[in-house]
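Novice: Build me a model:
(one chain, ligands or ions: 1)
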Amino acid sequence: MTNELISPLSGLRRLIETNQVEAPGDAFLNDKSAVWSPHNKIINVTPGPAFGSELVSQFASTQTRGMRGPGVAEFFTAVRHEYGKLVDMPKGGTPLFFNGSGTSATEAAAGALRTPDEVNSNKPVILTLEIGSFSTAMGNCVENLGRGVIRLKGDVGEDLPFAQCREALEKDLRDNSEGNIKMVMAPHNETGSGVTASIQKLRDLLDELKHPALLGIDGISSIGSLPLSMDQLGIDMLLGCSQKGMMCTPGIGMITLSPKALKRITECDQQMKEAGLIKGEHYLSLTRMIEAMESTALHTETPPNYAQLAVALDTLAIEGLDRVVERHADCSAIFRAAVKGAGLELVAKDINIASNAVTAIQAPEGYGEKDIQQVLNIMYNKHAVEAAAIPGYPDLGWRLCATGGIQPQHALMASIAFLKAAEEAGLPIDSDKGLFAASKTYGEVVRYHRPLPGLDMYGR
Ligand SMILES: Cc1ncc(COP(=O)(O)O)c(C=O)c1O
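Specialist: A predicted model of the protein is given here:
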């Protein structure tokens, strides 16, 4: 049956008439017959921009408005304040939002705390703990800003390299009893390896050694998905972004500061001023941002991002953080059941550090980048599921992620897609056992819904 195309709005007629709609260019599709699929809703299990939220998309706004008028500073301040509450920012701390992405927050943190003694010196002042591609990027950021940095590398799939860290901090205290190292930076959730690091252990180590360094934590892929309290973990700078657990589009890099961090930043800047030294930073200067917040509470914000974030914060509040965390754990339990059931291994070497936001899966022995990409291609082009490879390690495997508004039914569908695609790509897995295990776990975790009234056009 062939129908006339009647909707002038859909644009389909024009696209088809002008031959602009073709099958995807991937070579592997050439020998497969593809059908039209105008209804595809992609199930997105990449880490981010994450599986979003129906509510956040519905209330997303593209309005352009002035940003100095009545009520504007109050709105932006309220969003930043509520975000501070979400991450349990300690009393007396401050939330700073930079336009950009998580990396802008990382760069603002990495450039902070410069003092005159750093000029023409390469003594280490920052220590980074690196266990995958994103914490490696954090180390690169510090190094590229010209700071003296000790970069401690752990194995991919393992927790932070605590023994090396202890050794470096002890040596630092022997060199200078007040410590040259001003900040220790580590990822809470290494998105590249699917490992959630033990931040409490790192806090305990600093406390045990009585090392005064600030604790700077990258929460970019954990905030809004995994439990994380700045106050309980004694985090001084917490880095976040708008497009993962916060379910918005990219646009904001958040950095929340403890009162201790605020005080140190001011002291260091004072020393630089007194020495007549320029720090070599402008937009990403924490001091300038703190001053802007304390004076007008305005910089040049991205209003649509704030509008989305306000809805996202409301949805997280309505759902309840405990349930948010449980939901991500439920989805990740489905992924892990599928993977283990099929006979594959996680990248995380210990189940206790396996992330509930990112499930990283090892490709079987002897299979590499080409097979990994083949599986991702089939997942996307056949099953309408978008997953990811492992950045920095193209032969290692895949990532199925549970960040943002993902529900168990999406995790089950993504697991089915992954197993079916791996089977079709000829990987040696037992997909039936994987499917059985995933479906069993789904049955155990899935819950009755209480959708918000008014969410759809029938008011349900
Ligand atoms: C742990 C972690 N750190 C940093 C980044 C970089 O953040 P962005 O892409 O928002 O700049 C990412 C992005 O995925 C990440 O997962």
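Novice: Could the C-alpha coordinates of stretch 395-410 be exported in PDB?
Specialist: The C-alpha trace of stretch 395-410 is given here as PDB (Å, rounded to 0.1, in the frame of the first residue of the first chain):
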ATOM      1  CA  ASP A 395      39.400  -2.200  22.200                       C
ATOM      2  CA  LEU A 396      38.100  -2.500  25.700                       C
ATOM      3  CA  GLY A 397      34.300  -2.700  25.400                       C
ATOM      4  CA  TRP A 398      30.900  -0.900  25.800                       C
ATOM      5  CA  ARG A 399      29.100   1.300  28.300                       C
ATOM      6  CA  LEU A 400      25.400   1.000  29.100                       C
ATOM      7  CA  CYS A 401      24.500   3.900  31.400                       C
ATOM      8  CA  ALA A 402      21.800   4.800  33.900                       C
ATOM      9  CA  THR A 403      22.000   8.500  34.300                       C
ATOM     10  CA  GLY A 404      19.100  10.900  34.300                       C
ATOM     11  CA  GLY A 405      15.400   9.900  33.900                       C
ATOM     12  CA  ILE A 406      16.000   6.300  32.900                       C
ATOM     13  CA  GLN A 407      13.500   3.600  34.100                       C
ATOM     14  CA  PRO A 408      13.900  -0.100  34.400                       C
ATOM     15  CA  GLN A 409      11.800  -0.700  31.300                       C
ATOM     16  CA  HIS A 410      14.400   1.300  29.300                       C
END
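Novice: For that stretch, what is the distance to the chain centroid?
Specialist: Distance of stretch 395-410 from its chain centroid, counting by C-alpha atoms, centre = their mean, to the nearest Å, is 12 Å.
Novice: Okay, buried residues for it please.
Specialist: For stretch 395-410, a neighbour-count test (16 or more other C-beta atoms under 10 Å) marks 396-408, 410 as buried. Every residue, glycine included, has its C-beta placed from N, CA and C.
Novice: Strands - which of these land there?
Specialist: 397-401 (DSSP state E).
Novice: Could you give the average pLDDT over stretch 310-328?
Specialist: Here stretch 310-328 scores 94 as its mean pLDDT.
Novice: First-to-last residue distance for that stretch?
Specialist: 21 Å (C-alpha to C-alpha, to the nearest Å).
Novice: what about that stretch, distance to the chain center?
Specialist: On C-alpha atoms, centre = their mean, the centre of stretch 310-328 falls 16 Å from the chain's centre.
Novice: Mind listing what's buried along it?
Specialist: Buried residues in stretch 310-328, counted by 16+ other C-beta under 10 Å: 310-313, 315-316, 319, 324-328.
Novice: Repeat that for stretch 144-151.
Specialist: Quick answer for stretch 144-151 (16+ other C-beta under 10 Å): 145, 147-151.
Novice: hmm, back to that, now the ones in strands among the buried residues of stretch 395-410 as TSV including pLDDT and distance to T128?
Specialist: Listed next are those as TSV, based on pLDDT from 0 to 100; distance: C-beta to C-beta, whole Å:
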residue	pLDDT	distance to T128
G397	98	25
W398	98	26
R399	98	22
L400	98	27
C401	98	24
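Novice: of all the residues you listed, which comes closest to F59?
Specialist: C401 (23.8 Å; C-beta to C-beta).
Novice: which parts of stretch 204-223 are buried?
Specialist: 205-206, 209, 211, 213-223.
Novice: P116 is in contact with D269, isn't it?
Specialist: No - with contact defined as C-beta atoms under 8 Å, P116 does not count as touching D269 (11.0 Å).
Novice: Of the two, give the one with the bigger neighbour count.
Specialist: Using other C-beta atoms under 10 Å, the more surrounded residue of P116 and D269 is D269, with 21 against 14.
Novice: which residues touch stretch 75-84?
Specialist: 93-97, 240, 254, 256, 297-298, 301, 306, 309-310, 313 (C-beta atoms under 8 Å, 6 or more residues apart in numbering).
Novice: Which ones among the buried residues of stretch 395-410 also lie next to the ligand?
Specialist: Among the buried residues of stretch 395-410, proximity to the ligand is found for none (C-beta under 6 Å from any ligand atom).
Novice: would you list those residues in JSON lines and tack on distance to L344?
Specialist: JSON lines is the format used below for the buried residues of stretch 395-410 (distance: C-beta to C-beta, whole Å):
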{"residue": "L396", "distance to L344": "12"}
{"residue": "G397", "distance to L344": "8"}
{"residue": "W398", "distance to L344": "9"}
{"residue": "R399", "distance to L344": "13"}
{"residue": "L400", "distance to L344": "11"}
{"residue": "C401", "distance to L344": "16"}
{"residue": "A402", "distance to L344": "17"}
{"residue": "T403", "distance to L344": "21"}
{"residue": "G404", "distance to L344": "24"}
{"residue": "G405", "distance to L344": "26"}
{"residue": "I406", "distance to L344": "21"}
{"residue": "Q407", "distance to L344": "23"}
{"residue": "P408", "distance to L344": "20"}
{"residue": "H410", "distance to L344": "20"}
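Novice: Most widely separated two among the buried residues of stretch 310-328?
Specialist: By the measure C-beta to C-beta, A310 and E326 form the most distant pair in the buried residues of stretch 310-328, at 23.8 Å.
Novice: how about T266, what does it touch?
Specialist: T266 touches 287, 290, counting by C-beta under 8 Å, 6+ apart.
Novice: in the stretch 301-450 of the chain, which spans are strands?
Specialist: Secondary structure of the stretch 301-450 of the chain (DSSP state E, counting those that start in this stretch): strands located at 345-346, 358-362, 385-386, 388-389, 397-401.
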